[in-house]
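A.B. asks: What shape does this take:
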Amino acid sequence: MRIAVLGASGATGRLLVQEALDRGLEVTAIARDPGRIPLSDRPGLTKAAADVHDPDSLARAVVGSDVLLSGLGNAKGDVGTLTAGAKAAVASGVPRVIWLGAYGSGQSARAAGALTRTLLAVFMRAELADKVAADVTVLAAGGTVFHAGPLGAGPLSPTRCTLPLDKAPKRLFPATVSRSTVAAAMLDEALTPRFPGQTVIPVDHAPRR
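C.D. replies: From the prediction side, this is the model:
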């Protein structure tokens, strides 16, 4: 299987690349500047240049890929990049797209609760609409959207779990989840599809009943 990783120079994207390589998969790591991808050349790894605002460049980069995973983010004030990325990913010709979004936005807003919704509205403002629009694009194409809570630098959790929205833990504020765990959960979905067309939540461990 060949995995394409969009946003491979970012904090989550590089972990997606590393996790896929560790599982013995072939990986095309994609960034606007492949020289910024912080991984040494090794068998199975191809680095490719593409810009989500140039859909043809992404389509060329992902030729031969079976799944496209996105660790793409947007900086403060950067509006439109995620929507452009989602549209380019869906139009790229890759059969499946697995997208990273934000817990408390779009479909997970109700599950996250009023406090989280309010905080996202305050701190993301214009960026929030971009995230939601990107999610809608991916979901409409049958892709899977991962809505992660606050991302931490902890280790990969051996007890990680991916939950549908109706199983979301009831908390005042979402628990932190490590980027490594999120990357692994997204790769789990790439290898064994369980949630096509759904928004899901990656957590470090299953909630207690």
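
A.B. asks: all contacts plus neighbour counts: C-alpha atoms, from now on.
C.D. replies: Fine.

A.B. asks: what does the average pLDDT come to for the helix or strand containing V90?
C.D. replies: Using DSSP states H and E, V90 falls within helix 81-91. Averaged across helix 81-91, the pLDDT comes to 97.

A.B. asks: So for that helix, what gets flagged as buried?
C.D. replies: For helix 81-91, the neighbour count (16 or more other C-alpha atoms under 10 Å) marks T81, L82, T83, A84, G85, A86, K87, A88, A89, V90 as buried.

A.B. asks: you'd agree the third one is up against V138?
C.D. replies: Pointing back at T83 there. No. If you go by C-alpha atoms under 8 Å, T83 and V138 don't touch, sitting 9.4 Å apart.

A.B. asks: so who does the nearest residue to R14 once chain neighbours are set aside touch?
C.D. replies: Of all residues not flanking R14 in the chain, A8 sits nearest, at 4.9 Å (C-alpha to C-alpha, 6 or more residues apart in numbering). Counting by C-alpha atoms under 8 Å, 6 or more residues apart in numbering, A8 touches R14, L16, V17, A29, I30, A31, I37, G71, L72.

A.B. asks: same question, L6
C.D. replies: Counted by C-alpha under 8 Å, 6+ apart, L6 has contacts G13, A29, I30, A31, L68, L69, S70, G71, L72.

A.B. asks: swap in L15?
C.D. replies: Contacts of L15 by C-alpha under 8 Å, 6+ apart are R179, S180, A183.

A.B. asks: Identify, from the residues you listed, the entry nearest to G142.
C.D. replies: Nearest to G142 out of these is A183 (C-alpha to C-alpha; 19.8 Å).

A.B. asks: Verify the stated contact: A148 with V177.
C.D. replies: Yes. Counting by C-alpha under 8 Å, A148 does reach V177; the two are 7.1 Å apart.
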